[in-house]
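Asks: next comes the sequence, and after it the predicted model I'd like to discuss.
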Amino acid sequence: MSKKLLFIPLIAFLALAAVFTTQLVRNAEGDDPTKLESVLVGKSVPEFRLEDLAEPGKLYDQAIFKGEPLLLNVWATWCPTCYAEHQYLNTLAGEGVKIIGLNYKDQRDKAVGWLNDLGNPYLISLFDGNGMLGLDLGVYGAPETFLIDANGIIRYRHVGDVNPRNWEEKLKPMYQQLVAEAK
């Protein structure tokens, strides 16, 4: 074997070490490693045709995102953080915030039971059992929440739970601005 081939693992290791070092330096300088940009911000919700969670056979498409600003909340019963955020979503819905739910890669009967037991903050609950709309949205996992304007354009993507702190600091001002623009 050539002596040059022996250096390939060393070169690969050094390249990988450089990538890790760069990422560590970026995080130490204040970059938020949990912030996941979405290529869909500024674009329409992808086309889809999904069933209602509680009413199989009742179909919806992307037209449900037009008319007024709203949140699209991606959730699942297998997600402990979704459970933690659910009560706050009920509070927001009670305050008039419009929310559509996307039940993601879940079992329909468990999801329907969850909403019956814990309350249903959603105007519409979409069933994405195979996760295809989630994939089109670039969802990494649940929960994720998208702010969508009255024209069906995604304006912001929030990864993680919606809670009082991030609602007041970030999401509420953006949502209220979209509501004001829609009038």
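Replies: Nice, thanks for sending it over.

Asks: contacts and neighbour counts: CA atoms only from here.
Replies: OK.

Asks: mind checking the SS state of His86?
Replies: helix (DSSP: H, G, I helix; E, B strand; the rest coil).

Asks: what are the boundaries of the helices in this structure?
Replies: Under the criterion DSSP state H, the chain contains helices at 8-28, 80-94, 108-118, 132-137, 164-166, 172-182.

Asks: nearest to Tyr60, out of those?
Replies: helix 132-137 (12.1 Å; C-alpha to C-alpha).

Asks: same question for the closest one, mean pLDDT?
Replies: In this model, helix 132-137 has a mean pLDDT of 96.

Asks: show residues contacting it.
Replies: Residues outside helix 132-137 that contact it (C-alpha atoms under 8 Å, 6 or more residues apart in numbering): 40, 45-46, 48, 74, 104, 128.

Asks: that older thread, of all the helices of the chain, which lies closest to Pro56?
Replies: Nearest to Pro56, of all those, is helix 108-118, at 9.4 Å by C-alpha to C-alpha.

Asks: can you give me the angle the closest one makes with helix 80-94?
Replies: Between helix 108-118 and helix 80-94, the angle comes out at 50 degrees (axes from the mean of the first three to the mean of the last three C-alpha atoms, to 10 degrees).

Asks: need the contact list for Glu68.
Replies: Glu68 neighbours (C-alpha under 8 Å, 6+ apart): 149-151, 179, 182.

Asks: just the buried ones from those residues?
Replies: 149-151, 179 (16 or more other C-alpha atoms under 10 Å).

Asks: of the residues you listed, closest to Val97?
Replies: Using C-alpha to C-alpha, the buried ones among the contacts of Glu68 come closest to Val97 at Val179, 10.0 Å.

Asks: leaving out chain neighbours, which residue sits closest to that closest one?
Replies: Excluding its sequence neighbours, the residue lying closest to Val179 (C-alpha to C-alpha, 6 or more residues apart in numbering) is Pro69, at 5.9 Å.

Asks: burial of the one you found, as a residue count?
Replies: Other residues near Pro69 number 27, with proximity taken as other C-alpha atoms under 10 Å.

Asks: OK, contacts around it?
Replies: 98, 147-152, 175, 178-179, 182.

Asks: switch the cut-off to 6 Å
Replies: 148-150, 179 (C-alpha atoms under 6 Å, 6 or more residues apart in numbering).

Asks: what does Gly67 give?
Replies: So Gly67 contacts Ala150 (C-alpha under 6 Å, 6+ apart).

Asks: got the phi and psi for it?
Replies: Backbone geometry at Gly67, expressed as degrees, to the nearest 10, gives phi 120, psi -40.
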